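Trainee: just the structure for this:
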Amino acid sequence: METIIKDRQTADSAAERSDPSTVAFGRTSSNQLAVQIGLDQYHQSFVQRQYATYPFRLSRALRLDPTDAHRTYLYIMNSSPGLLAGDAFQMSVRLSDRTALYLTDQSATKVHQMAVEQSARVHYEVAVGSGASLEYVPEPIILYRNASLKQTMRITLAPTGSLFLSDIMVPGRLARGEYFHFRQYVNRLQVYTPAGDLVFTDAMQLKGQVDRPHAAEPDRTSFDRASQSPLFSPYPILASLLLVLPEIDLQPLSQDLAQFAQVQTNLTAASSPLPNCNGLWLRAMAGSVSIAKTYINHALTRMRHLNGQPSLPEVPK
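Mentor: Numbers count the residues shown, from 1 in each chain. You can find the predicted model right below:
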């Protein structure tokens, strides 16, 4: 096992003294976190290698379910107040063949106010090996007034790899009346085969307030329209889910999730089958973060059951 967790001043020199694969693994931006999951002699997943610079850290590997010792659970820890103008973070997550990882973070990511034409950027590079399973369930992203975030993710997924990915976007500090007062939210996902062939892609671009050149105030029309919309007004929380489960019929899962959404208050959701792989893409709109999380956890538990795995255990925060 190789572990690299240094402060910024010593991390670069440590990587340079490492083998070339470590350099490629750990040095692609000034602020980043990278983790590689391997399989130990007992066929349990473990953190084979990790690299982090400020403000990121990884928790120790946890076994939260005694009936599922094969899977490791990790928390991403961030000591910064959130995403600020000009931030450019890159994260890498790599799963070797037949490994299993549940990855989350400790708290919501706050995207702070920034000047016009400025933004924060986050890029993920994810690789899931043959027979491996990645579950990435981050806490919500909260877009403050005048915030702009561009988030991209590139996933390399082996044909027999499974994947559960969720995302929750909160359009402002709703209790303070910030309702789609952010400037822009861009989220782009691309999934490739190990050979480099594109499996599918998804892109979302939401605009809150729109800046008008030479105007004293930004155009409030867009977020005023959202706050008065019969759709966005009761359901301001947006959630996206990606499920890929090879060689298993996902129609019962799609029906189950549709029925679950119908009986919930303050929740609407829909799913679509994915092209070129055995998966589902789901989008949900909820009246609160807790309802969105309930839907996500239900989807993950049902996906696990279809794959013959135990239910999602309590993941303390």
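Trainee: use CA for all of it now, contacts and neighbours both
Mentor: OK.
Trainee: can you give me every residue that contacts Asn278?
Mentor: Shown in contact with Asn278 (C-alpha atoms under 8 Å, 6 or more residues apart in numbering): Val244, Leu245, Pro246, Glu247, Ile248, Leu250.
Trainee: oh, that last question was meant for Glu117, not what I typed.
Mentor: With C-alpha under 8 Å, 6+ apart, Glu117 has no contacts at all.
Trainee: circling back to that earlier point, who wins for neighbours among the contacts of Asn278?
Mentor: Within the contacts of Asn278, most neighbours by other C-alpha atoms under 10 Å means Val244, with 25 neighbours.
Trainee: what are the contacting residues of stretch 234-250?
Mentor: 159-171, 266-268, 277-289, 292, 296, 303, 306-307.
Trainee: I only care about the residues you listed that end up buried; give me the PyMOL line for that.
Mentor: Selection of buried members from those for PyMOL, criterion 16 or more other C-alpha atoms under 10 Å:
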select buried, resi 159+160+161+162+163+164+165+166+167+168+169+170+171+266+267+268+278+279+280+281+282+283+284+285+286+287+288+289+292+296+303+306
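Trainee: now intersect the contacts of stretch 234-250 with the strands, please.
Mentor: Secondary structure from DSSP state E places 162-170, 267-268, 279-286 of the contacts of stretch 234-250 in strands.
Trainee: the helices in the chain, which residues?
Mentor: Secondary structure of the chain, counting by DSSP state H: helices at 8-17, 20-26, 221-228, 251-263, 289-306.
Trainee: which one of the ones you listed has the lowest average pLDDT?
Mentor: With a mean of 34, helix 8-17 has the lowest mean pLDDT of those.
Trainee: where does pLDDT dip in this protein?
Mentor: 1-31, 210-231 (pLDDT under 70).
Trainee: Gln32 against Arg57, yeah?
Mentor: No: Gln32 is not in contact with Arg57 according to C-alpha atoms under 8 Å; the separation is 9.5 Å.
Trainee: find the nearest non-adjacent residue to Ala299, please.
Mentor: With sequence-adjacent residues excluded and distances taken as C-alpha to C-alpha, 6 or more residues apart in numbering, Ala299 is closest to Leu257, at 6.7 Å.
Trainee: what's around the one you found, how many residues?
Mentor: 20.
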